[in-house]
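J.: sequence and computational prediction follow.
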Amino acid sequence: MEVKFRIFLGVLLATVFLSASLLAQDKAFYEKKFVWDKERTIFSADFDKVKKPKLEDFKTQVFHFAPVHQDTTGTCWAFSTVSFLESEIYRMHHKKIKLSEMYVVYWEYVEKAKYFVKKKGDANFGEGSESNAVTARIKQYGIVPESVYNGLLPGQKRYTHREMFKEMNDYLHFIKQKGYWDEKIVLTTIKQILNKYMGQPPSKFEYQGKTYTPLTFLNKVCQLNPDDYVDFMSTMRDTFYTTDEYKVPDNWWHSKAYHNIPLKDFYRTIKNAIKHGYSVAIGGDVSEPGRYGWEDIAIVVPWDIPDKYINQYSREFRIYNHTTTDDHGIHLVGYTHKYGHDWFLIKDSASSARYGKYKGYYFFRDDFIKLKMLTFMVHKDAAKDILKHFKEKK
């Protein structure tokens, strides 16, 4: 009888503790925080009782360089995907090569301007883009190490593209208004603006005693094949196990190379990839109270939707009503299972990733990945099982 009572008491206390913990998390309120060096009022939650891992708990990690701050640029897609490719170079060839994010950004702006002219102004010209833009640009223009081109002018220590982007955007709207569609003149002007703010990227350079072009550096030193990388999404708008367009403004060239898969496969592929030594370039929505840089975490708070109700339908509903949007690109570099959840180590170039203890990192919980992440890129070998479904469809 005493044993049964002790068991009952233990279960009761555990239930009370768990309920109290959940209730503590289930609070919503406004609070003042410094965001981008300015005090702002944000809608928040109580994270004191959230059990989360520490950085040292992520025993499964891939090689990656220290996080780099993107500062006042809208180029998270470049920072996250270039970081992903650096990890890939190390995974395949055991070389540690810090690549230039800004080299990719430079040529991406050139290609955006070219497309703007081609479409007579009926195109999105913005700072954002997608992961497969990076592989497209390096296939076209090659890549260079950061040591030979970092996109900073002499004496400049921080990235800031506000004036540069405004000047390019104003110019393109001017040519649209006037109907000046001479591609050669437009691209020459765009390059002049880029050169003024970022410097001109090299056509040849020295690296470890040898001379390379960006393309020979890609092929001979980095030994990356841009065609080896595949993109995935999970949306009910398109047929599963087919490729289609990721319909967001930052997919400005309307790429239809996205493999659409059910959420269970989407999540399983991400988890299996990192557990087997493949990192993941991932992107999605980060404008949620549960993504809280001061605690280094991203979770779905209980008063939003309980974990057991996160599925393909609740995910799609948020895509449909635009509470899940294409906000931000990040690099998934580690994994652990802790406190009943999968947790993913995220390398993040955004300012909010520097608010907490672990500068440049977030810990994304499984519920946040399932509900809020929209696309990811991975090496094709990490997705062999799921890619078989697409071959069968053809």
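T.: In hand now; what should we look at? Worth saying up front: this structure is predicted, and the values here are computed from it rather than measured.
J.: the longest strand in the protein is where?
T.: The longest strand of the chain (DSSP state E) is strand 328-338.
J.: which helices and strands does that strand pack with?
T.: When contacts are defined as 3 or more C-beta pairs under 8 Å, 6 or more residues apart in numbering; DSSP states H and E, strand 328-338 sits against strand 60-61, helix 76-93, helix 263-275, strand 280-284, strand 341-347. Any C-beta I mention is one placed from the backbone N, CA and C, and that applies to glycine too.
J.: and these: which comes nearest Asp307?
T.: strand 341-347 (8.6 Å; C-beta to C-beta).
J.: next SSE downstream of that closest one?
T.: Next helix or strand after strand 341-347 toward the C-terminus (DSSP states H and E): strand 361-365.
J.: now that following strand: mean pLDDT?
T.: What strand 361-365 shows for mean pLDDT is 98.
J.: kindly report the same for stretch 278-292.
T.: Here the average pLDDT along stretch 278-292 is 96.
J.: ok, now stretch 218-237?
T.: Mean per-residue pLDDT for stretch 218-237: 98.
J.: so which bits of it are buried?
T.: Neighbour counts over stretch 218-237 (16 or more other C-beta atoms under 10 Å) mark 218, 221-222, 224, 226, 229-236 as buried.
J.: picking up where we left off before, looking at the helices and strands packed on strand 328-338, which is buried most?
T.: Ranked by average neighbour count under the criterion mean count of other C-beta atoms under 10 Å, those are headed by strand 280-284 at a mean of 26.
J.: what sits closest to His259 if chain neighbours are left out?
T.: Nearest in space to His259, with sequence neighbours left out and distances taken as C-beta to C-beta, 6 or more residues apart in numbering, is Phe232 at 4.9 Å.
J.: tell me the bridge partners for that neighbour.
T.: His259, Phe376 (DSSP bridges).
J.: list the contacts for it?
T.: Contact partners of Phe232, counting by C-beta atoms under 8 Å, 6 or more residues apart in numbering, are Tyr258, His259, Asn260, Ile261, Phe266, Thr269, Thr375, Phe376, Met377, Val378, Ala383, Ile386.
J.: ok, now with 6 Å
T.: Contact analysis of Phe232 by C-beta atoms under 6 Å, 6 or more residues apart in numbering lists His259, Ile261, Phe376.
J.: repeat that for Phe43.
T.: Contacts of Phe43 (C-beta under 6 Å, 6+ apart): Tyr30, Pro289.
J.: that one is in what secondary structure piece?
T.: Using DSSP H and E, Phe43 falls in strand 38-45.
J.: may I have the strands that pair with that strand, each with its orientation?
T.: Strand 38-45 has its sheet partners listed here by DSSP bridges as strand 28-35 (antiparallel).
J.: all strands for the stretch 101-250 of the chain, in order.
T.: Under the criterion DSSP state E, counting those that start in this stretch, the stretch 101-250 of the chain carries strands at the ranges 205-207, 210-212, 229-233, 242-244.
J.: among the ones you listed, which is nearest Phe317?
T.: Between Phe317 and those, the tightest spacing by C-beta to C-beta is seen for strand 229-233, at 16.2 Å.
J.: distance between that closest one and the chain's centre?
T.: Relative to its chain's centre, strand 229-233 lies at 13 Å (C-alpha atoms, centre = their mean, to the nearest Å).
J.: likewise stretch 250-258?
T.: Centre to centre, stretch against its chain (C-alpha atoms, centre = their mean), the figure for stretch 250-258 is 16 Å.
J.: now stretch 320-336
T.: How far stretch 320-336 lies from its chain's middle: 6 Å, per C-alpha atoms, centre = their mean.
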